[in-house]
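A.B. asks: Just to be clear, the model below is a prediction. Sequence and coordinates:
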Amino acid sequence: MKPAKRIAQLPPYLFARIDELIEKKKAEGVDVISLGIGDPVEPTPQPIIDALNEALKDPENHRYPSYYGLREFRISASLWFKKRFRVELDPDNEILPLIGSKEGIAHLPWALVDEGDIVLVPDPAYPVYEIASMLSSATPYKMPLLKENGFLPDLDSIPSDVLRRAKLMFINYPNNPTTAVATDEFFKKAIELAHKYGFLIAHDNAYSEITFNGYKAPSILEFEGAKEVCVEFHSLSKSFNMTGWRIGFLAGNANSVKYLANLKTNIDSGIFNPIQYSGIKALTDLSDFPEKMCLIYERRKQMVLDVLNELGISYHISPATIYVWAEVPDGYTSDTWAMKLIDEAGIVVSPGSAYGKFGEGYFRISLTVKDERLKEAMERLKNLK
Ligand SMILES: Cc1ncc(COP(=O)(O)O)c(C=O)c1O
């Protein structure tokens with residue numbers, strides 16, 4: 001049987017392709033070091049695991065969870081939000097627990113856009129924005145993230161007829177893959193535009209807690225008028241080393257939260273309660289934990305930057321994320337450079353072009369491997385002919 005056209009049209013998911021390459025090299029006996037995927041190697045903090053074990057003892061928690069999440073989880077998310085961003089959120093109408101933020105990102109266009117509507121998506125970007133837009137029969141409009149603009153979309157260059165047809169705009173700062181952070185002016189201008197043209201901004205803040213050098217990432221919901229036109233995705237994955245647990249939440253505009261919740265009641269049955277209790281533990285008692293991880297990432301980042309400096313490879317200077325966004329050396333494309341690194345050094349990096357055509361000429365290094373492995377990878381990079 002053939003797949004549906006909507007599936008057949010999809011490009012292979014980026015990391016599925018990288019995984020294939022890793023398997024191939026491993027089968028050849030190569031000790032592959034993967035700096036491809038951003039997936040913390042350190043364990044989830046013990047109190048979060050303990051909260052899960054405790055919750056598992058109660059048979060009530062073995063049953064179907066609520067579609068809208070445990071009220072205690074929504075309250076803990078709203079308290080965390082207030083403490084972190086000084087933004088008040090109504091836990092009953094402005095927060096929706098998600099089975100990881102990816103799940104919410106993938107479903108949001110289904111809840112908001114119709115065929116022919118435009119979804120504004122950055123390029124390069126986390127691939128789910130564009131793919132989810134395509135799956136929901138919307139037309140993605142690419143907003144290039146260029147070095148000369150600090151990897152922010154040039155909002156002035158989007159034609160007004162495109163803005164009039166736009167229903168949704170995805171943005172993501174601190175940004176994956178470029179590592180860029182946004183200025184307050186950028187957020188304010190995006191909000192102004194959303195008010196003028198009547199579209200929703202979906203700000204993906206998955207890396208809000210991974211910052212260095214005194215920089216604190218804002219929430220878009222801090223800015224005036226944001227709640228009328230913005231929602232924000234939050235994820236416990238990178239902040240609390242919980243990628244495998246699948247827990248995050250959507251915050252902001254009450255109508256959009258309601259539309260997504262409505263869609264989701266027809267698709268999934270919520271997050272396993274013990275995982276929500278772990279989420280409560282993380283947001284309530286471990287809000288300082290990300291700072292400890294940031295010290296580790298900062299140290300690893302310096303290890304990488306020292307080697308890139310030595311090799312004369314340029315990179316974007318950023319106070320955030322678990323990545324380094326670097327320019328491929330002359331004579332290579334993103335793909336040929338990434339392939340050379342795998343073939344000749346057994347190092348996996350993400351080719352920038354996999355995140356969109358404006359990612360061409362770049363590669364992304366993830367800092368989520370142990371220091372010794374990163375050091376070894378950097379040695380191999382230095383010795384590359
Ligand atoms: C920009 C961005 N948004 C969202 C996600 C998904 O995170 P989660 O684990 O919450 O689904 C990722 C994961 O890599 C990401 O890079």
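C.D. replies: Cool, the structure landed. Residues are numbered from 1 along each chain as shown.

A.B. asks: So the closest residue in space to T44 that isn't next to it in sequence versus the ligand, what's the distance?
C.D. replies: If the residues on either side of it in the chain are set aside, T44 comes closest to N241, at 4.9 Å by CB to CB, 6 or more residues apart in numbering. No exception for glycine: its C-beta is placed from N, CA and C like everyone else's. Between N241 and the ligand the computed distance is 11 Å (CB to the nearest ligand atom, to the nearest Å).

A.B. asks: hey, where'd the helices end up in the stretch 51-200 of the chain?
C.D. replies: Remark: helices assigned in the stretch 51-200 of the chain by DSSP state H, counting those that start in this stretch are 71-85, 101-112, 128-135, 160-165, 184-197.

A.B. asks: Up against the ligand, what does this structure have?
C.D. replies: 38, 100-102, 126, 172, 176, 204, 206, 235, 237, 243, 248 (CB under 6 Å from any ligand atom).

A.B. asks: Just give me the neighbour total for E344.
C.D. replies: 12 (other CB atoms under 10 Å).

A.B. asks: Now do it against D335, distance only.
C.D. replies: 15 Å (CB to CB, to the nearest Å).

A.B. asks: Kindly report the same for I267.
C.D. replies: To D335, I267 is 35 Å away according to CB to CB.

A.B. asks: Which helix or strand in the protein has the lowest average pLDDT?
C.D. replies: Ranked by mean pLDDT, DSSP states H and E, the weakest helix or strand in the chain is helix 14-27, scoring a mean of 77.

A.B. asks: Which is the succeeding secondary structure element to that helix?
C.D. replies: strand 33-34 (DSSP states H and E).

A.B. asks: Could you pull up the contacting residues of R299?
C.D. replies: Shown in contact with R299 (CB atoms under 8 Å, 6 or more residues apart in numbering): D371.

A.B. asks: Quick check: it is in a strand.
C.D. replies: No - when DSSP: H, G, I helix; E, B strand; the rest coil is applied, R299 is found to be helix, with no strand at that position.

A.B. asks: and the gap between it and R71?
C.D. replies: Separation of R299 from R71 (CB to CB): 40 Å.

A.B. asks: Distance across stretch 3-22, terminal residue to terminal residue?
C.D. replies: Distance across stretch 3-22, first residue to last, is 27 Å (CA to CA, to the nearest Å).

A.B. asks: quick one: it to chain centroid distance?
C.D. replies: Taking CA atoms, centre = their mean, to the nearest Å, one finds the center of stretch 3-22 at 19 Å from the center of the full chain.

A.B. asks: Contacts for it next, please.
C.D. replies: Applying CB under 8 Å, 6+ apart, the set of residues contacting stretch 3-22 from outside is 2, 32, 34, 36-37, 127, 131, 134-135, 342, 348, 350, 354-355.

A.B. asks: quick one on the thing from earlier: who's more crowded, I267 and D335?
C.D. replies: Set side by side, I267 and D335 show more neighbours around D335, with 15 against 11, by other CB under 10 Å.

A.B. asks: Which parts of this protein belong to which domain?
C.D. replies: The record's domain parsing of the chain by automatic domain parsing lists 5-43+289-383, 46-285.

A.B. asks: Could you identify which of those has the lowest mean pLDDT?
C.D. replies: The minimum mean pLDDT among the domains of the chain belongs to domain 5-43+289-383 (a mean of 93).

A.B. asks: Which residue ranges of the stretch 201-350 of the chain form strands?
C.D. replies: All strands of the stretch 201-350 of the chain, identified by DSSP state E, counting those that start in this stretch, fall at 230-235, 248-252, 323-327, 347-348, 350-351.

A.B. asks: of all the ones you listed, which lies closest to A77?
C.D. replies: Among those, the nearest to A77 by CB to CB is strand 248-252 (5.1 Å).

A.B. asks: Centre of the chain to that closest one, how far?
C.D. replies: In terms of CA atoms, centre = their mean, the centre of strand 248-252 is set 13 Å apart from its chain centre.

A.B. asks: Tabulate the CA atom coordinates of it in PDB.
C.D. replies: C-alpha atoms of strand 248-252 as PDB (Å, rounded to 0.1, in the frame of the first residue of the first chain):
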ATOM      1  CA  GLY A 248       6.200  20.600  28.200                       C
ATOM      2  CA  PHE A 249       3.400  23.100  28.100                       C
ATOM      3  CA  LEU A 250       1.800  25.900  26.000                       C
ATOM      4  CA  ALA A 251       1.300  29.300  27.700                       C
ATOM      5  CA  GLY A 252      -0.500  32.400  26.600                       C
END
